[in-house]
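Enquirer: here is my input, please return the structure:
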Amino acid sequence: MVTLPVFMLFSCDSFLDIEPQQSVSNEVVYDTHEGVTNALNGAYEVIAGPELYAGSSIFHSDLVGNTNDMLWAGTFVGYRNMNQKNMDPNAPTITNKWITAYDAINIANNVLDNLDIVNENQKNRVEGEARFIRGIMYFELVRFYALPFVDGQTNNHDGVPLVLTPTEGISEEDDVSRSSVADVYEQIIEDLTEAKQLLADYPTPLSNGGRASSAGAAGFLARAYMATENWSEAAIQADFVIGLMGGTDALNPIPRLAFNNDDYTSEDVFMIRQNAVSNAGQSNDGIATFFASLNGLGRGDVNISDFHIERYEEDDQRATITDDDEISTIADVNTMFYIGIGTNPDQLMTSKWGKHDANIPVIRLAEMILTRAEANYRAGAATGAAPVDDINVIRNRAGIQEWDNLDLDMIWEERFRELCFEGHLLHDLKRFRKSATPVSGTFAGEEIMWDDGRLVLPIPQREIDTNPNLVQNQAYQ
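Expert: Numbering: from 1, shown residues only. Next up, the predicted model:
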């Protein structure tokens, strides 16, 4: 059984302004075109919550993959355990990510099950968005709760339960076993491929009001192909995104401009839209809560280490620091780091997450350029551009010297510097066959390799307890 909370019904043109109205049965929710599309709006609100793209998808990856680039200074035990690679299957944050992802999947399944009710002129868009949401949620689940896919192996190890039809209530029929990692990725790629095609009339986020687009689906496809080590196809998808977004010239002119924005930038392939009313929170939820230390915002829980700063070259704009106790909000900071002035002051903080109601970039154009470079390098190809040329696009924007040649370690470092604290670390660490070494806790000083079960989240204990067909990850048995 995958236990699913009752979701709320929403109605609006943009998921920025979604307000809950009532909880009703599936029969009532999906009996009209408006009911189906309102439910789809609700799915966007689910994925925009703090359990997913407005919080823990970023936070969990960076904590579990961290060695000593950032220091956890907070009081939440679950997050501390992630940093120490000693996670508890009963931790609420681990459970909430699972529940919320399956909630979004169930909404998507209901929408797909009721497409015959949808107006013909909107059917492609509705189906494309539902498949997009289901695909990215399964991608979220399998890469956190299962050991990684490895090319050349059977990949028949446990992934997550594949539920592709609506689920109502709790019954023995809902006791779903874990599908293999290979099968889960096959479903992810099928859904996102269909979404990319169905959303062809909505090539970019702006063309679909900030919702799923052909570029967004291709961006997640590029991620999925990278995770399954299909380098050639990853390069093709990344190149497709880059073309739709306007090419490498569409990058923001300086790195800092990609963050803390109230509107779209030319770099946003897929983002979570927030405003003062609709956001993930600023007390104990939302990514800025943990990463910021400003006037009235942030717990100051995540401090950046001196070791991290040492990973940048001299004059790299991505390593600039504001040290000024007169700052108040993130608008006063025009560098990539600052010395905090709020809760837990005088610590080095990243300025990527400094505004609780700002839009949250999930996929940036810079990521797609780096992905195309890496995928082409691994494939021995030059789809769209030579790998070194793509890397130099990123380095040029950072204001540092171009490279004449390239190797995988150089790509790893450049990707790390550009995408740090954006939720990529754990997944990149596994793909590059790196390791993480906790600096405190039970496993302090132990090098934990990329395929170690301690770098995988446990299946929530409440799911194990209620579903006899679910098997716990080996590291937590």
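Enquirer: now find how far off-centre stretch 53-69 is within its chain.
Expert: Centroid separation for stretch 53-69 versus its chain: 10 Å, with CA atoms, centre = their mean, to the nearest Å.
Enquirer: start to end distance for it?
Expert: One end of stretch 53-69 to the other measures 22 Å (CA to CA, to the nearest Å).
Enquirer: can you list the buried residues in it?
Expert: Going by neighbour count (16 or more other CB atoms under 10 Å), the buried part of stretch 53-69 is 53-67, 69. Heads up, the C-betas are built off the backbone N, CA and C, glycines and all.
Enquirer: and if you look at stretch 147-159?
Expert: Result for stretch 147-159 [16+ other CB under 10 Å]: buried residues 147-149, 155, 157-159.
Enquirer: now the end-to-end length of that stretch.
Expert: 8 Å.
Enquirer: what is the rounded mean pLDDT of it?
Expert: Mean pLDDT, computed over stretch 147-159, is 98.
Enquirer: ditto for stretch 445-464
Expert: 97.
Enquirer: please save the CA atoms from that stretch in PDB.
Expert: The C-alpha coordinates for stretch 445-464 follow below in PDB (Å, rounded to 0.1, in the frame of the first residue of the first chain):
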ATOM      1  CA  GLY A 445      35.900  10.300   9.200                       C
ATOM      2  CA  GLU A 446      34.600   7.300   7.200                       C
ATOM      3  CA  GLU A 447      34.700   7.600   3.400                       C
ATOM      4  CA  ILE A 448      31.200   6.500   2.200                       C
ATOM      5  CA  MET A 449      31.300   5.600  -1.400                       C
ATOM      6  CA  TRP A 450      28.700   6.600  -4.000                       C
ATOM      7  CA  ASP A 451      26.900   3.200  -4.100                       C
ATOM      8  CA  ASP A 452      26.700   2.800  -0.300                       C
ATOM      9  CA  GLY A 453      23.200   2.300   1.100                       C
ATOM     10  CA  ARG A 454      23.800   5.100   3.600                       C
ATOM     11  CA  LEU A 455      23.500   7.600   0.800                       C
ATOM     12  CA  VAL A 456      20.000   6.400   0.100                       C
ATOM     13  CA  LEU A 457      17.000   7.500   2.100                       C
ATOM     14  CA  PRO A 458      15.200   4.800   4.100                       C
ATOM     15  CA  ILE A 459      11.700   3.800   3.100                       C
ATOM     16  CA  PRO A 460       9.500   5.500   5.700                       C
ATOM     17  CA  GLN A 461       8.700   3.200   8.500                       C
ATOM     18  CA  ARG A 462       5.000   3.900   8.400                       C
ATOM     19  CA  GLU A 463       4.900   2.500   4.900                       C
ATOM     20  CA  ILE A 464       6.800  -0.600   5.900                       C
END
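Enquirer: ok so, going back, quick check: the farthest pair among the buried residues of stretch 53-69?
Expert: Pairwise distances across those peak at 25.6 Å for Ala54 and Thr67 (criterion: CB to CB).
Enquirer: surely Tyr30 meets Asn38?
Expert: No - at 9.6 Å, Tyr30 does not count as touching Asn38 under the criterion of CB atoms under 8 Å.
Enquirer: dump stretch 199-212 to PDB, restricted to CA.
Expert: C-alpha atoms of stretch 199-212 as PDB (Å, rounded to 0.1, in the frame of the first residue of the first chain):
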ATOM      1  CA  LEU A 199       3.400  20.100 -24.900                       C
ATOM      2  CA  ALA A 200       5.000  21.000 -28.200                       C
ATOM      3  CA  ASP A 201       2.700  24.000 -28.500                       C
ATOM      4  CA  TYR A 202       4.100  25.300 -25.200                       C
ATOM      5  CA  PRO A 203       7.900  25.300 -25.800                       C
ATOM      6  CA  THR A 204       9.000  27.300 -22.800                       C
ATOM      7  CA  PRO A 205       7.600  28.100 -19.300                       C
ATOM      8  CA  LEU A 206       6.500  31.600 -20.400                       C
ATOM      9  CA  SER A 207       4.400  30.100 -23.200                       C
ATOM     10  CA  ASN A 208       2.400  28.100 -20.600                       C
ATOM     11  CA  GLY A 209       2.100  30.500 -17.700                       C
ATOM     12  CA  GLY A 210       5.000  29.100 -15.800                       C
ATOM     13  CA  ARG A 211       3.700  25.500 -15.900                       C
ATOM     14  CA  ALA A 212       5.200  22.500 -17.600                       C
END
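Enquirer: who's in contact with that stretch?
Expert: Here stretch 199-212 makes contact (CB atoms under 8 Å, 6 or more residues apart in numbering) with 13-16, 44, 124-125, 128-129, 132-133, 195, 213-217, 244-245, 264, 268-271, 273.
Enquirer: one more time with 6 Å
Expert: With contacts defined as CB atoms under 6 Å, 6 or more residues apart in numbering, stretch 199-212 is touched by 14, 128-129, 132, 213-215, 244, 264, 273.
Enquirer: go on, stretch 81-91?
Expert: Outside stretch 81-91, the residues touching it (CB under 6 Å, 6+ apart) are 63-64, 66, 72, 78, 438, 440-443, 448, 454, 458, 461, 476.
Enquirer: try 7 Å
Expert: Stretch 81-91 is contacted from outside by 60, 63-64, 66, 72, 78, 94, 436, 438, 440-443, 448, 454-455, 457-461, 472, 476, using CB atoms under 7 Å, 6 or more residues apart in numbering.
Enquirer: from the residues you listed, list just the buried residues.
Expert: By neighbour count, with 16+ other CB under 10 Å, the contacts of stretch 81-91 hold 60, 63-64, 66, 72, 78, 94, 436, 438, 443, 448, 454-455, 457-461, 472, 476 as buried.
Enquirer: ok but Tyr338 is inside a helix, no?
Expert: No - the assignment for Tyr338, made by DSSP: H, G, I helix; E, B strand; the rest coil, is strand rather than a helix.
Enquirer: got the contact list for it?
Expert: 321-322, 327, 349, 351.
Enquirer: buried members of the residues you listed into ChimeraX, please.
Expert: Applying 16+ other CB under 10 Å to the contacts of Tyr338, the buried members can be selected in ChimeraX as follows:
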select :321,327,349,351
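Enquirer: just the buried residues of the host helix or strand of Thr193, please?
Expert: If you go by DSSP states H and E, Thr193 is part of helix 181-198. Within helix 181-198, the residues that count as buried by 16+ other CB under 10 Å are 181, 183-185, 187-189, 191-196, 198.
Enquirer: not counting that helix itself, show me its contacts.
Expert: Outside helix 181-198, the residues within contact range by CB under 7 Å, 6+ apart are 124, 127-128, 131-132, 134-135, 138-139, 142, 146, 149, 155-157, 159-160, 162, 212, 214, 217-218, 220-221, 224, 228.
Enquirer: the residue of the chain most remote from its centre - nearest residue in space that isn't next to it in sequence?
Expert: No residue in the chain sits farther from the centre than Glu326, which is 33.3 Å out by CA atoms, centre = their mean. Once flanking residues are discounted, Glu326 sits nearest to Asp332: 7.6 Å by CB to CB, 6 or more residues apart in numbering.
Enquirer: can you give me the distance of that neighbour to Ile339?
Expert: 12 Å (CB to CB, to the nearest Å).
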